[in-house]
Each structure stands twice: as structure tokens, then as C-alpha cells.
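J.: Would you be able to build a 3D model of this:
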Amino acid sequence: MTPKLMLSSLRNRFLLSLCTVLCLALLALVLIARYQIMPILLEDEEQYASAELDRAGRALNAELNHMRRLVEDWAYWDDSYDFVRDERPQYVDSNLYESTLETLDLEMMLFLDANNEAYWVAGYDEEGEFTSCPGTLPPCDWAAPAIAFLSRHVESKLDDATDTWLLAQRELAMAALSPIHQSKEEAPAAGWLAMVRPLSEPWVEQLRDTTGIELELSPVSVQEGPAPQQQLERISSTHMAASRFIPALPSTRAVRIDALLPRQRYQASLETFRFALYWTSGVLIVTLLIVLWLLERMVLSPLRQFAHYTQRLHQEVVTPIMPNRLVARRDEIGTLAREFRSLLKHQQQQSAQLLELTLHDPLTGVANRRLFDERFAELLKRPGQHHQTAAMMIDIDHFKLYNDHYGHQAGDVCLVTLAQCMKDQLKSQGFLVARTGGEEFSVLLPDTSLDAALGHARKLLQAINALALPHEYSPTGSIVTVSIGVAVQRADLATPSDIMRAADQAMYQAKESGRNRVEAYCTHDQSSAVDR
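T.: Modelled structure (predicted):
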């Protein structure tokens, strides 16, 4: 067959056109890969490295924030305030011993008085020996440079906010400085408290486990000029080394973060592109041969049905049923229709769950203030109500001391345990338990008289005491206790805010009467601010 006759055939002309289009498409793909895809992949790899370094930096910042909270917990402690004012001599024997620094993972604690002079030093000297003494007298003279720096820094400060630093001497460390105030900050600062924590190898190993990044921290000098913010070196086809410099003290030093990162994303993207390149010619040929015949029959018609169904979703209040012709299909469009139906159902379920989450406390699982207030308002608006509505206000006694000595994680466990106890005691009777504050809980008791509410409150108090949660630092007792105030709806307490304010006053009366008790609101109750 002559070339002319071959070209007169539409089939052959289509095949020739297809081959031409295929060759042009492959050439375009090669050029796109060289000048578009590869730079994008490399840029994405750099962004990934930067994001990982950002994550490592955030982990360091989180540790600095932990140092900030630690030094503020000590500095905003009345005992520390009295100590630097020479009013608590037993403070040293009670708190500044070696095991304290080991427990807090500290290398040094420095106290400055109101004149920015050294008041007390506790820490480890150059030989690793623990010393604790007033001022910088021997054997604490090793702390003199640190005291001098802190004094100069305090004198130059424009406010009394807490400061944190990274230290990049021969060994890496973190430092924090906070003014020493009374817990209620009613008086000027009595001095300053500084803490130093070493960034030891076990600490760095813990940081690796936390971030999941193979990283190293090292002190470097930047005397020759400003250090580059970030460096990236592709050391092999599977790994790259990224580094970043973080400012530290002294100003001529910096902390360098070195991270060994995998290049999995780059390799996966590259392999995916190669796969697409290899199979493009075959896909194009098959697609061009069948798409015109199948387009209307297998694609456009069912898609129009599907689009019409989605339009009905926006127009009709009640969700319409997916057409059986779409759901019964065994091809991709049928799968899409079924998945869309499942996704729509899942979205409705997620919306319901989201609504549920907005009405409950994420830690304890009980209702939050929003749900409590809504239920309270609905309850008082019910038509034909003939019974009283009561409310409880519950506060955990000395919970700050519990958190200070057992830690916030133990405090969360305590809150969850007490909330579960309250639910077990009250929810089965139709009462609503809610967490309305940090350590405050409220209970809504529909159709309940004052005597009945007091009975429920006393049973709850007994149940909580029966838990016997240890609280050895509580002035009230050796276990976790609560104070409960009860108020009931009446003529002068007709709104939720009035009833809860009355319950709150009754709770404070319970605290003033010795805590671990139940008090009912009376007209002549006088509430006062009580340390919770």
C-alpha cells in the first residue's frame, strides 16, 4: 500500500496524529521535568527541611516556656517572697537542697534581693560539687560572673517581665529570670530569681524522641560575622543535612541545630513522575481511542444526574435520596456516588459530633459552661413549672497546692476522677454535671427542693471523700476534699445568674467554715474572697 493510500484512511491518519501528539507530549514532559518539576521538587524539599527545623525550634521554645513557668512558679510563691525579705529562714533547709535541683533538672538557682545584689546561691560549681550559701561568699564565689550579669541585666530592664535565654558557652544551657512577687502581686517585687538548666545529652536525646528528628545541638562562635540563618546540604540521594543558627548568650555565640533528614518525599515524587512519563504514551493511545465513544454514554449522562442531585441538596430542606441509577452502577461513577453518599452521611455525623464537642469539657467529658447555661435557661423557661430548681457550686480545696506539688498532669487526672465520681452520683438521677472553671464544677438539679439538694450534696461529699485521693499538702486534710454551696430557686432568686451567684456565696461560706463541707445559701450569708 502506497503512502498516499495509507494517509487517505481516517484510521491511519488518526493513528499517525496520535503518534505525533504522543511524541510532542513526551517531549513536553521531558522539558517540563527539567525546567519545572525538578525545581519545584527541590524547593519543596527545602521547605520540608525548613519546616523540620522550625519544629525543632518550636520544641526548644517549648522548653524555654517550661523554664519560664518553672521560675515563675517559684518566684510567685509567698515563701520565696518572704525568704528574700529575711522573713523565712527555714526556706533554705526546706527547699534549697541538692535533691531539689536534681528533681527540677537545674544546674543553678540564684536569688537577688531588692537591691539587685546576691542574696542566696544554690548550684554546682566547676568541679560538679553542690554548694548553697548566702551571696557569693566562698564556696559560692564561682557564681560571681552570673550574679554580675544578672545585676546589670536587671538594672537595664524596662519592665519586670520574665526573661529566658539560651546559653552557648562550652556547654549548652537554658536560663530564666523572674521577679519575686507575692502570689496576689499586691506589693512590689522583693527581688529576682534566676534558674539555669543544662542541655545535657540525655535531654537532647529526649528532644529527639519528642520531635522524631535526628538532630544535634552545639555551641558555635559568630565573631567573624552574622551567621547564616539556615543551611542545606544534600549528602546523598536518600539523606540531606540541614542546619540553623539560633541566637544565644553571649552575643558572640549561637546555638546550631543540625538535623539529618530523609529525602523520601523527593524520591517518591520523582518516582511518581517517572512512572507517569513511562505510561503516558499508552494511556494517551487507549484514552483517545475510546473516550469519544464512551464519553456521552458512560460519563456525561451520569454526571448530569449527579450534578442535578447536588443542586437538589442546596435547594431542598430535607436531604433527597441518591438516585438508584447512580448508586447501582459498578464503575467509578457508581463508586463516586456511593462514596459521596457515605461522605454526606459522615459529614452529618461529624456535624452532630462537633456540636456535641462544643457543649462538653474536653478534659473531663462533662458538660461545659455553655451547655450548663443553656440547660439552666431552658429549665427556668419551661411552661407550667411547679417545682423548684436547685444548683450546686463545687470547688476543689487547695487545688493550686495540689498542682504545685503533684504536677499539672496529676491535677488533670484528679479533675477527671472527681468529674467521673460526680457523674456516677448525680447523672443517673437526671442532674447535669458541668465543669464551669479550672477546678470548679456546677450541678443543675431540676425539680429539686433545698432539702433534697442538700441531701444529694452531702452524699456527693461522702463519695468524694471515699475516693481518698492523696493530698498530703492540703491544710484541710490528707486527701482531696471539696467545698459545696447549694442554692435553690425562689422569689428573689429567679434567674440562672442569681441562683449561681447564691450557690457561689454558699460555697465560699463553706470554705470560710473550714472546707470539706456543704453549705446552703441564706439571705444573710456574707461571702468573702477565700484562697481556693
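J.: C-alpha only now, for contacts and for neighbours.
T.: OK.
J.: what residue lies at the spatial centre of this protein?
T.: A62 (10.8 Å; Cα atoms, centre = their mean).
J.: elements contacting the host helix or strand of that residue?
T.: Per DSSP states H and E: A62 is located in helix 38-75. Helix 38-75 sits against strand 163-168, strand 172-180, strand 191-198, helix 201-211, strand 230-233, strand 239-247, strand 253-262, helix 264-294, with contacts defined as 3 or more Cα pairs under 8 Å, 6 or more residues apart in numbering; DSSP states H and E.
J.: buried ones in that helix?
T.: 41, 45-46, 48-50, 52-53, 56-57, 59, 64, 67-68, 71-72, 74-75 (16 or more other Cα atoms under 10 Å).
J.: and what of stretch 405-425?
T.: For stretch 405-425, by 16+ other Cα under 10 Å, it's 411, 414-423, 425.
J.: So which of those residues belong to helices?
T.: Members of the buried residues of stretch 405-425 lying in helices (criterion: DSSP state H): 411, 414-423, 425.
J.: for the residues you listed, which one is nearest P323?
T.: Proximity to P323 was ranked across those by Cα to Cα; first place goes to K423, at 45.7 Å.
J.: Do I have it right that that closest one meets V433?
T.: Yes: between K423 and V433 there is a contact under Cα atoms under 8 Å: 6.5 Å.
J.: For the two, list the residues in contact with both.
T.: Shared contacts of K423 and V433, defined by Cα atoms under 8 Å, 6 or more residues apart in numbering, are found at V366.
J.: Would you pull up how far stretch 202-218 lies from the middle of the chain?
T.: 20 Å (Cα atoms, centre = their mean, to the nearest Å).
J.: what does stretch 136-155 give?
T.: 37 Å.
J.: For it, output the C-alpha coordinates as PDB.
T.: Extracted as PDB, the C-alpha positions of stretch 136-155 are listed here (Å, rounded to 0.1, in the frame of the first residue of the first chain):
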ATOM      1  CA  THR A 136      28.900  34.900  96.600                       C
ATOM      2  CA  LEU A 137      31.000  34.200  99.600                       C
ATOM      3  CA  PRO A 138      33.200  31.100  99.300                       C
ATOM      4  CA  PRO A 139      32.500  28.300  98.400                       C
ATOM      5  CA  CYS A 140      29.900  30.100  96.200                       C
ATOM      6  CA  ASP A 141      32.300  32.600  94.600                       C
ATOM      7  CA  TRP A 142      32.100  30.600  91.400                       C
ATOM      8  CA  ALA A 143      28.700  32.200  90.800                       C
ATOM      9  CA  ALA A 144      30.000  35.800  90.800                       C
ATOM     10  CA  PRO A 145      30.100  36.300  87.000                       C
ATOM     11  CA  ALA A 146      26.500  35.100  86.700                       C
ATOM     12  CA  ILE A 147      25.400  37.400  89.500                       C
ATOM     13  CA  ALA A 148      27.200  40.400  87.900                       C
ATOM     14  CA  PHE A 149      25.500  39.700  84.500                       C
ATOM     15  CA  LEU A 150      22.000  39.400  86.200                       C
ATOM     16  CA  SER A 151      22.500  42.600  88.100                       C
ATOM     17  CA  ARG A 152      23.400  44.500  85.000                       C
ATOM     18  CA  HIS A 153      20.500  43.000  83.100                       C
ATOM     19  CA  VAL A 154      18.000  43.800  85.900                       C
ATOM     20  CA  GLU A 155      19.200  47.400  86.100                       C
END
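J.: what's the next helix or strand after the helix holding A62 in contact with?
T.: Remark: after helix 38-75, the chain's next helix or strand is helix 78-84, criterion DSSP H and E. Residues from elsewhere that reach helix 78-84 (Cα under 8 Å, 6+ apart): 74-75, 88-89, 91, 111-113, 119, 180-183, 190-191.
J.: For the next helix or strand after helix 78-84, which residues meet the burial criterion?
T.: Tracing the chain C-terminally past helix 78-84 and defining elements by DSSP H and E, one meets helix 91-95 next. Judged by neighbour count (16+ other Cα under 10 Å), helix 91-95 contains these buried residues: V92.
J.: what's next to the helix or strand following helix 91-95, contact-wise?
T.: Next along the chain after helix 91-95, taking DSSP H and E as the criterion, comes helix 98-104. Residues from elsewhere that reach helix 98-104 (Cα under 8 Å, 6+ apart): 107-108, 123, 130.
J.: CA atoms only for helix 98-104 - export them in CSV, please.
T.: Output of helix 98-104 as CSV, limited to C-alpha atoms (Å, rounded to 0.1, in the frame of the first residue of the first chain):
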residue,chain,number,x,y,z
GLU,A,98,20.7,19.2,96.2
SER,A,99,17.7,16.9,95.5
THR,A,100,15.6,19.9,94.7
LEU,A,101,18.0,20.8,91.8
GLU,A,102,18.1,17.2,90.7
THR,A,103,14.3,16.9,90.6
LEU,A,104,14.0,20.1,88.7
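J.: From the chain's centre, how far out is it? Work that out for me.
T.: The mean C-alpha position of helix 98-104 is separated from the chain mean by 27 Å, Cα atoms, centre = their mean.
J.: by how many degrees do the next helix or strand after that helix and helix 38-75 diverge?
T.: As assigned by DSSP H and E, the chain's next helix or strand after helix 98-104 is strand 108-112. Angle, strand 108-112 to helix 38-75, by axes from the mean of the first three to the mean of the last three Cα atoms, to 10 degrees: 60 degrees.
J.: Which neighbours in the sheet does strand 108-112 have, and how are they oriented?
T.: Sheet pairing of strand 108-112 (DSSP bridges) gives strand 118-124 (antiparallel), strand 191-198 (antiparallel).
J.: Save those as TSV, and put in mean pLDDT, distance to E271 and mean neighbour count too.
T.: What follows is the strands paired with strand 108-112, written out as TSV (pLDDT from 0 to 100; distance: least, Cα to Cα, whole Å; neighbours: other Cα atoms under 10 Å):
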stretch	mean pLDDT	distance to E271	mean neighbour count
strand 118-124	94	55	24
strand 191-198	94	45	24
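J.: now the ones you listed as TSV including distance to A328?
T.: Listed next are the strands paired with strand 108-112 as TSV, based on distance: least, Cα to Cα, whole Å:
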stretch	distance to A328
strand 118-124	76
strand 191-198	66
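J.: how about the ones you listed, which one is nearest L460?
T.: L460 sits nearest to strand 191-198 of all the strands paired with strand 108-112, at 42.7 Å, using Cα to Cα.
J.: between that closest one and strand 163-168, how many degrees?
T.: 30 degrees.
J.: L363: neighbour count?
T.: Neighbour count of L363, defined by other Cα atoms under 10 Å: 12.
J.: How about the secondary structure of it?
T.: Under DSSP: H, G, I helix; E, B strand; the rest coil, L363 falls in the coil class.
J.: let's number from 8 now, not from 1
T.: In the new count, where the first residue is 8, that last one comes out as L370.
J.: wait, isn't it in contact with T424?
T.: No: using Cα under 8 Å, L370 is not in contact with T424; the gap is 10.7 Å.
J.: show me where pLDDT drops low in the stretch 8-157 of the chain?
T.: 8-26, 28-29, 33 (pLDDT under 70).
J.: 50 instead?
T.: Residues of the stretch 8-157 of the chain that meet the criterion pLDDT under 50 lie in 16-18.
J.: thought E479 was touching I486?
T.: Yes: counting by Cα under 8 Å, E479 does reach I486; the two are 6.6 Å apart.
J.: The two - which one has more neighbours?
T.: I486 (19 against 15).
J.: Run me through the strand neighbours of the host helix or strand of V493, direction for each.
T.: Counting by DSSP H and E, the element that carries V493 is strand 489-495. Strand 489-495 has the following strand partners under DSSP bridges: strand 397-403 (antiparallel), strand 525-527 (parallel).
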